[in-house]
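*Asks:* give me the fold of what follows.
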Amino acid sequence: MNLDDLISEYGDLEGRLADPAVHADQALARKLGKRYAELRPIVETYRELGSTEDDLSAALELASEDEAFAAEATVLEKRKGDLEERLRHLLVPRDPSDDKDVILEVKAGEGGEESALFAGDLLRMYLRYAERIGWKTEIIDSHPSDLGGYKDVTVAVKAKASQEEGVWTRLKFEGGVHRVQRVPATESQGRIHTSAVGVLVTPEAEEVDVQIDPNDLRIDVYRSSGPGGQSVNTTDSAVRITHEPTGVVVSCQNEKSQLQNKEQALRILRSRLLAMAQEEAEAAASAERKSQVRTVDRSERVRTYNYPENRISDHRVGYKAYNLDQVLDGDLQNVTQALVDADMERRLTEAQQSEAQQPS
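*Replies:* Residues are numbered from 1 along each chain as shown. This is a model prediction of the structure:
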C-alpha cells in the first residue's frame, strides 16, 4: 500500500470512528481505533513535511533579498531531511505483533543448580526492567530449585493501555540461549564456570488470534509439588495440556484450583501456537532472507554475562558494555535499543531492495 492509499484510509477511518453506530460494536471500534492510531504518526509527519516544504520554498525565494530568510532556509532544509527520514522509518512494514503483550519463559539449562540460580537472576532482571518502563508483570507458573533459583518460570508482561509501544517490540529479541560466566555459589575453589539458561518469548495471543479445538487437547491433572518434590497441595490441581496436532505441551501448577491452572495453561498454549504459526508463515515467505540475516535471530546463543569483567555482550549486534551489575538491576534499555535499531536497519534495507526491484 502506498502513501496516498494510507492517507485515504486514515480519512476513511476518521469518518467511521465519528459514527456512533460503530461504537455500538466495541470489538469493531477497538479494531478501527488501533489502525487509526497506527496511521496517525504517518499522516501527521506527512502533513508536517508538506508544510515544511512550502515554507522552505518561500524562504528560498526570499533568501537573495534578506539574509534572515537564507538562515531560515538552512533550518528548514534540515527539518525537511529529518521529516523525510522519519517518514521513511514509519513506512517500513511493522512486525504485526509489535503492539502485543508477551509470555516470557526462563528455563535452566546446562550447569545444574548454578543454571537455576542464574535463571532466577534473569527473572529479576526482567521484572525490574518491566517496573522501570511501567509494564505490569504476573508470574503464571514456576518451579523453584532447592537453592532459591528456578528450574523454569513463566511470566506474563503487559503494557499499560496508555503506552503506545507494545511489550513485544522490546522483549522479542530476548529469546535464545543466555550464557553466564562466574564463580558459582556452590564452587569452593573459586573457579569460573560457564552455564546456560534458555529464554522463550512469545506474543500473548487473544482467543480471537488462535482457535483451539477442544478435541485436539489431552488434559492431565496431577498433584502440585514444590522444591525437592515435596507435596504442596493435597488435591490434583496441577494441569498439563498436550496439543496433539503439534505436540506442544504446557503445564501449570501455581494457582490453587484446577480450573485456574487450566486457564493459565491455555493462555500459554495459545501464545506458543500463535508464535509457531507466525514463524512458519515467515519462513515460507522469506526462507532465503532469514538464512542470510542473523542479527536478530532469536534461536541462537544470544548473550553472555561475564561477572568477573562486569561485562555484557550481545553477539547478534556486537553490543558490549561493562555495566553488567546495572543491567541485572533492570537497566536493560541500551541493550534492547541496540537490537531494535539493528532490526529497523534490516527492515529499511529490505524495503529499499524491494523498491529497487519494482518495475519502473
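
*Asks:* okay, the helix or strand hosting Gln326 in CSV with CA atoms only?
*Replies:* In this structure, Gln326 sits in helix 324-328 according to DSSP states H and E. This file holds the C-alpha atoms of helix 324-328, laid out as CSV (Å, rounded to 0.1, in the frame of the first residue of the first chain):
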residue,chain,number,x,y,z
LEU,A,324,26.6,-5.8,34.0
ASP,A,325,25.6,-5.0,37.6
GLN,A,326,23.3,-2.2,36.4
VAL,A,327,21.8,-4.4,33.6
LEU,A,328,21.0,-7.1,36.0
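
*Asks:* quick one: mean pLDDT over it.
*Replies:* Averaging pLDDT along helix 324-328 gives 97.

*Asks:* quick one: buried residues of it?
*Replies:* Neighbour counts over helix 324-328 (16 or more other CB atoms under 10 Å) mark 324, 327-328 as buried. All C-beta atoms are positioned from the backbone trio N, CA, C, and that covers glycine.

*Asks:* now those residues in TSV, please, with extra columns for distance to Thr349.
*Replies:* Listed next are the buried residues of helix 324-328 as TSV, based on distance: CB to CB, whole Å:
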residue	distance to Thr349
Leu324	31
Val327	29
Leu328	33
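
*Asks:* what's the closest of these to Ala116?
*Replies:* Leu328 (16.1 Å; CB to CB).

*Asks:* need the contact list for the closest one.
*Replies:* By CB atoms under 8 Å, 6 or more residues apart in numbering, the residues touching Leu328 are 121, 124-125, 305.

*Asks:* can we see that at 7 Å?
*Replies:* By CB atoms under 7 Å, 6 or more residues apart in numbering, the contact list for Leu328 reads 121, 125.

*Asks:* measure it to Ala27 for me?
*Replies:* From Leu328 over to Ala27 the distance is 41 Å, taken as CB to CB, to the nearest Å.

*Asks:* repeat that for Val199.
*Replies:* 33 Å.

*Asks:* any stretches of the stretch 1-150 of the chain with poor pLDDT?
*Replies:* In the predicted model of the stretch 1-150 of the chain, residues 1 satisfy pLDDT under 70.

*Asks:* before we move on, the earlier item: nearest to Ala58, of the buried residues of helix 324-328?
*Replies:* Distances from Ala58 to those, taken by CB to CB, are shortest for Val327, at 49.8 Å.

*Asks:* count of neighbours near the residue nearest to that closest one when sequence neighbours are not counted?
*Replies:* In space, and not counting its chain neighbours, Val327 is closest to Ile312: 5.2 Å by CB to CB, 6 or more residues apart in numbering. Under the neighbour criterion other CB atoms under 10 Å, Ile312 is assigned a count of 22.

*Asks:* pLDDT wise, what is Ile312 at?
*Replies:* 97.

*Asks:* elements contacting the helix or strand hosting it?
*Replies:* Element membership of Ile312, judged by DSSP H and E, is strand 311-314. Applying 3 or more CB pairs under 7 Å, 6 or more residues apart in numbering; DSSP states H and E, one finds that strand 311-314 makes contact with strand 301-306, strand 319-321, helix 324-328, helix 333-357.

*Asks:* save these as a markdown table, and put in distance to Ser115 too.
*Replies:* Output for the helices and strands packed on strand 311-314, formatted as a markdown table (distance: least, CB to CB, whole Å):
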| stretch | distance to Ser115 |
| --- | --- |
| strand 301-306 | 12 |
| strand 319-321 | 23 |
| helix 324-328 | 16 |
| helix 333-357 | 21 |
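
*Asks:* which one of those lies closest to Ser257?
*Replies:* Closest approach to Ser257 among the helices and strands packed on strand 311-314 (CB to CB): helix 324-328, 35.0 Å.

*Asks:* next one: that closest one to chain centre, how far?
*Replies:* Remark: helix 324-328 is offset 20 Å from the chain centroid, using CA atoms, centre = their mean, to the nearest Å.

*Asks:* got it, and stretch 175-185?
*Replies:* 22 Å.

*Asks:* enumerate the positions of that stretch that are buried.
*Replies:* Buried-residue list, stretch 175-185, by 16+ other CB under 10 Å: 175-180, 182, 184.

*Asks:* what's the spacing between the residue nearest to Ala29 when sequence neighbours are not counted and Gly33?
*Replies:* Closest residue to Ala29 apart from its sequence neighbours, by CB to CB, 6+ apart: His23 at 4.8 Å. His23 is 9 Å from Gly33, where distance means CB to CB.

*Asks:* Lys256 now?
*Replies:* In terms of CB to CB, Lys256 sits 37 Å off from Gly33.

*Asks:* equivalent analysis for Arg170, please.
*Replies:* For Arg170, the distance to Gly33 - CB to CB - is 23 Å.

*Asks:* of Val199 and Ala27, which one has the most company?
*Replies:* Using other CB under 10 Å as the criterion, Val199 and Ala27 rank with Val199 on top: 21 against 8.

*Asks:* tell me the contacts of the spatially closest residue to Ala338 that is not a sequence neighbour?
*Replies:* Closest residue in space to Ala338, ignoring its immediate chain neighbours: Tyr319 at 4.4 Å, by CB to CB, 6+ apart. For Tyr319, the contacting residues are 313, 335, 338, by CB under 7 Å, 6+ apart.
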